[in-house]
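[1] What shape does this take:
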Amino acid sequence: MTVTSYSSALLNGNDIHTRKKLPYVVDGFGTRAIHVGSEPNSATGAVIPPISLSTTYKQDGVGNHKGFEYSRSGNPNRDALETALASLEAGGGHALAFSSGSAATATIVQSIGPNAHVVSVNDVYGGTFRYFKRVASEIQGLESTFVDFENADDDTILASFKDNTKLIWIESPTNPTLRLVDVHRIVSLARSHGAKPLVVVDNTFLSPFYQSPLLLGADIVVHSVTKYINGHSDVVMGAAILPPHHVRLADKLRFLQNAHGAVPSPYDSWLAQRGLKTLHLRMKAHGINALKVAKALQRSPYVEEVLYPGLESHPRNALAYRSLSPHARKFVDNLRSITDEDGVNPDSEGGFPYGGMVSFRIRGGAVEADRFLTALRLFTLAESLGGVESLAELPAEMTHGSIPEKERSLLGIGDNLIRLSVGVEEGDDLVRDIEQALEVALRGENHA
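    Numbers count the residues shown, from 1 in each chain. Below you'll find the model as predicted:
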C-alpha cells in the first residue's frame, strides 16, 4: 500500500504559504481514519499528535517560516484534522475545518457573491433555511427556491434554475423526514444548465462512512463535525471538503474563512480527530442498532409510519443501496452474507444498516409524543445527533421550530413526528426502551 501526496500554495488572507499535504491513499477507510494526519511527532516520537496552543510562530527571517504564522490562518492540529477529513471523504482533495457547520454554510454562501440564487432541497435543516431566508437574503441579496428533489421530475427541477443560480443545496437523507435525493441525477441536471451551479451536499446524517457525494459528482461536501465525525457530543465544528480539481474554490473559501475568523480551536481540532479515529466502528454500530430499532417500531401498533431508508419496505430502499459508499457497500454485503444455521442474520434481515437516524410518526399527536419522549430511559430528550449516546427529539418544536408552521406541515413535520439518533448502546436495550415508552404514551402503562 502506498500514499501519494501533493501540496499547493493556499491563500491565508495575507500571504501565500504551503500548507500540510493532503494525501490520496489506497488504505481502507478505518486504516485512514486512524493513521492519516496522525503520524508520530517528528520531534519527540509521540504517537498521538500534541495539542499546539500557540497563537503565533517564530520566523527565521521575514516571511521565512515553517508553514505557520498566526493560528487563525493555520494551526498544526487543524491541519492534521483537515488532512484526515480530505482522506476520509472519498474523492476529497481539500478540506477546511470551521468553527461550526453553520459557519461552513455561511462561508460557502458568501463565496457566491451578491444577488445570486440558490436552489435547495425543500426539507432542509432549519439552520440552513434560516441562513438562506433571514440572513443571506438581507446581507447579500440571496434568492432561494426550495424544491422537492426526491419527487420532482427533471423538467420541474430544471425550471427552478435561473441564469444567476450559483448553488444547488442537497441534504440526503433530509432532516428530519429522511427523504432520499438521487445526488448523481441532480448533479447531471446542474451540469446541463447554462448557469453551471455548484452542487453542495450536506453529508452529516450519513457521514463519510455511508455515503461519498464527491464520487457522485458533487463539488462540495459539508459536515457538521459536531455530529458523527466527532461522535462524542463535546465539540462544535463544521467542515467543507472539495475534490482535487477545485483548487481555486478551496483557496477562496480559505481566504474568506481566515478573513472572518470562522476557525475551530486547536483543542477542538484535536478532540475531533480523536473522535474520527473510531468513525468506522461507530457508524457500523449506529447502523445495526438503527435498523433494529426501525424494525421494532415497524412492528408496533402504536406507530403510524417509520422513516428509515435501510428498511426493505422503504420506497427508496433501492436508491439507498445504490448511494452507499464503496466501503459501506462492502460492509453491508459482508453483513448480509453472515447467517445462522437457519439462514437468518438478525442484523440485516428486513433491510440493511443505513446510518443511525430513524424518524417515526407516533399514533396521536403532541400529547402522545410528549409522553413518549419523557418516558424514555436510555434515549435522552435533547437536540443534536451523532453521539455515542441515543437521543430523541420533537422536530416541530425543537430543531425545526424556526421553519414557519405552514411550511413544516407541507414537509410532513407534524406534532407526532419524532426523530431518534440511535447510539451505540446494546441494541436490545434500546428496543426495550422504545417499546416501554410507547406503552406509556399510548396506554399509560409504565413497565420500566
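[2] outside of stretch 378-386, which residues touch it?
    Identification of contacts with stretch 378-386 by C-beta atoms under 8 Å, 6 or more residues apart in numbering yields 204-205, 207, 224, 226-231, 233, 356-357, 373-374, 389-393, 398-399, 419-421, 425, 429-430, 433-434, 437. For glycine as for every other residue, the C-beta is placed from the backbone atoms N, C-alpha and C.
[3] Select from the residues you listed every entry located in helices.
    Mapping those onto helices (DSSP state H) picks out S207, L373, T374, D429, L430, D433, I434, A437.
[4] hey, what's the closest residue to the second one other than its chain neighbours bridged with?
    If I follow you right, that is L373. With sequence-adjacent residues excluded and distances taken as C-beta to C-beta, 6 or more residues apart in numbering, L373 is closest to L381, at 5.0 Å. Per DSSP bridges, the residues bridged to L381 are A392.
[5] What is the burial count for L381?
    15 (other C-beta atoms under 10 Å).
[6] Repeat that for G387.
    When counting by other C-beta under 10 Å, one arrives at 24 neighbours for G387.
[7] Distance-wise, check it relative to G238.
    Taking C-beta to C-beta, to the nearest Å as the measure, G387 falls 16 Å from G238.
[8] now I112
    Distance from I112 to G238, counting by C-beta to C-beta: 18 Å.
[9] Looking at the two, which is more packed in?
    It is G238, of I112 and G238, that has more neighbours when counted by other C-beta under 10 Å, with 26 against 19.
[10] which residues of the stretch 201-350 of the chain fall in helices?
    207-210, 247-260, 266-276, 279-299, 317-322, 326-337 (DSSP state H, counting those that start in this stretch).
[11] Can you give me the buried ones in the longest one?
    Residues 279-280, 282-298 are the ones in helix 279-299 that count as buried (16 or more other C-beta atoms under 10 Å).
[12] Low-confidence ranges, the protein, go.
    Scanning the chain for pLDDT under 70 picks out the ranges 1-25, 342-343, 445-448.
[13] Let me know the outermost residue of it.
    Distance from the C-alpha centroid of the chain, by C-alpha atoms, centre = their mean, peaks at G61 (42.1 Å).
[14] hey, what's it bridged with?
    For G61, the beta-bridge assignment (DSSP bridges) gives partners N64.
[15] how far away is it from L319?
    57 Å.
[16] neighbouring contacts of stretch 424-443?
    Outside stretch 424-443, the residues that touch it by C-beta under 8 Å, 6+ apart are 282, 285-286, 288-289, 292-293, 296-297, 300, 302-303, 362-364, 368-369, 371-373, 375-379, 388-390, 422-423, 445-448.
[17] Could you export it as PDB, keeping only the C-alpha atoms?
    Output of stretch 424-443 as PDB, limited to C-alpha atoms (Å, rounded to 0.1, in the frame of the first residue of the first chain):
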ATOM      1  CA  VAL A 424     -24.100   2.500  20.200                       C
ATOM      2  CA  GLU A 425     -25.500   1.100  23.400                       C
ATOM      3  CA  GLU A 426     -26.700  -2.500  23.300                       C
ATOM      4  CA  GLY A 427     -29.400  -2.700  20.600                       C
ATOM      5  CA  ASP A 428     -31.800  -4.900  22.600                       C
ATOM      6  CA  ASP A 429     -31.700  -2.400  25.500                       C
ATOM      7  CA  LEU A 430     -32.600   0.400  23.100                       C
ATOM      8  CA  VAL A 431     -35.500  -1.600  21.700                       C
ATOM      9  CA  ARG A 432     -36.900  -2.300  25.100                       C
ATOM     10  CA  ASP A 433     -36.700   1.400  26.000                       C
ATOM     11  CA  ILE A 434     -38.600   2.300  22.900                       C
ATOM     12  CA  GLU A 435     -41.300  -0.300  23.500                       C
ATOM     13  CA  GLN A 436     -41.900   0.600  27.100                       C
ATOM     14  CA  ALA A 437     -42.100   4.300  26.200                       C
ATOM     15  CA  LEU A 438     -44.700   3.600  23.500                       C
ATOM     16  CA  GLU A 439     -46.700   1.700  26.100                       C
ATOM     17  CA  VAL A 440     -46.600   4.600  28.500                       C
ATOM     18  CA  ALA A 441     -47.500   7.100  25.700                       C
ATOM     19  CA  LEU A 442     -50.500   5.200  24.300                       C
ATOM     20  CA  ARG A 443     -51.700   3.100  27.100                       C
END
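[18] That stretch: which residues count as buried?
    In stretch 424-443, counting by 16+ other C-beta under 10 Å, buried: 424-425, 427, 430-442.
[19] now stretch 324-341
    Neighbour-count burial for stretch 324-341 [16+ other C-beta under 10 Å]: L324, S325, H327, A328, F331, V332, L335.
[20] Show me what it is in contact with.
    For stretch 324-341, contacts defined as C-beta under 8 Å, 6+ apart pick out 28-29, 90, 208-212, 215, 280, 283-284, 288, 321, 345-348, 352-354.
[21] Please, a ChimeraX command that selects the buried ones among those?
    Selecting only the buried entries of the contacts of stretch 324-341 in ChimeraX, with 16+ other C-beta under 10 Å as the criterion:
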select :29,90,208,209,210,211,212,215,280,283,284,288,321,347,348,352,353,354
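[22] Contacts only, for L167.
    So L167 contacts I108, V109, I112, A116, V118, V119, P197, L198, V199, V200 (C-beta under 8 Å, 6+ apart).
[23] Which of the residues you listed fall within helices?
    Those of these mapping onto helices are I108, V109, per DSSP H.
[24] Return the member of the contacts of L167 nearest to D219.
    Lowest distance from D219 to those (C-beta to C-beta) belongs to L198, with 4.3 Å.
[25] residue contacts, the residue nearest to that closest one when sequence neighbours are not counted?
    Of all residues not flanking L198 in the chain, D219 sits nearest, at 4.3 Å (C-beta to C-beta, 6+ apart). D219 sits next to L198, V199, V200, L242, P243, H246, L249 when contact means C-beta under 8 Å, 6+ apart.
[26] In strands, which of these appear?
    When those are checked against strands (DSSP state E), the matches are L198, V199, V200, L242.
[27] which two of those lie the greatest distance from each other?
    Largest pairwise distance in those, by C-beta to C-beta, is 11.5 Å, between V199 and L242.
[28] Mutual contacts of those two, please.
    Common neighbours of V199 and L242 (C-beta under 8 Å, 6+ apart) are D219, I220.
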